[in-house]
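Student: Provide a 3D model corresponding to the input given below.
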Amino acid sequence: MNNKTEEILNRLLVQLFNDILHIEEKSMKNTDFDNLSITEIHTIEAIGMEGNRTMGEIAHDLRITVGTLTTSINRLIKKGYVERKRIEEDRRVVLVSLTESGKKVFDVHSVFHKEMIDEIMENFNGDELELLTKALGKVNKFFEHKYKSFQ
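Tutor: Okay, here's the model as predicted:
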């Protein structure tokens, strides 16, 4: 692979990552939930609608430490989006769920993702979509492998 291709790929990956975050953040600022950071929104997304997830499960999905997650969860509890409870059988286990307000954030954020995917899909034909899906799958696999190598 030549240097020009490497430069283009690097620029595209960095730009895509930054653009998605900025667009996501701006779309949420136009809602009733403008008091949330994009990190907090992603924490709400990781908790999910089903809830009753452990801190360890959520931290793993977000690829952060439980300590870092605890700080975020505490902020979300104060804002009224999340609740935490211990199970009686083992008081060490903390389960986290979304409140009704948290579920509304989850729904609004899901709409952003659906619209993003719908618009992307409109711009590709069937073969292009299949190729894009395969290519992004390979990119994702690379990043998963890279993440695991740091553990």
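
Student: Can you tell me how far the residue nearest to the spatial centre of the chain is from Glu130?
Tutor: When Cα atoms, centre = their mean is applied to the chain, the residue found nearest the centroid is His42 (4.1 Å). Distance, His42 to Glu130, by Cβ to Cβ, to the nearest Å: 28 Å. For every residue, glycine as well, the C-beta is placed using N, CA and C.

Student: rewinding a little: tell me the contacts of the residue nearest to the centre of the chain?
Tutor: Leu62 (Cβ atoms under 8 Å, 6 or more residues apart in numbering).

Student: Please, which helix or strand holds it?
Tutor: Using DSSP states H and E, His42 sits within helix 38-47.

Student: which stretches of the protein have low pLDDT?
Tutor: Residues of the chain meeting the criterion pLDDT under 70: 1, 151.

Student: buried residues in stretch 105-113?
Tutor: By neighbour count on 16 or more other Cβ atoms under 10 Å, the buried set for stretch 105-113 is 105-106, 108-109, 112.

Student: Now do it: everything it contacts.
Tutor: Contact with stretch 105-113 is made by 24, 27-28, 31, 33, 36, 41, 44-45, 48-49, 81, 98, as judged by Cβ under 8 Å, 6+ apart.

Student: Run the chain-centre distance for that stretch.
Tutor: 11 Å (Cα atoms, centre = their mean, to the nearest Å).

Student: any idea how far the nearest residue to Thr39 once chain neighbours are set aside lies from Arg84?
Tutor: Using Cβ to Cβ, 6 or more residues apart in numbering and skipping the chain neighbours, the partner closest in space to Thr39 is Ser72 (6.6 Å). Ser72 sits 12 Å away from Arg84, going by Cβ to Cβ.
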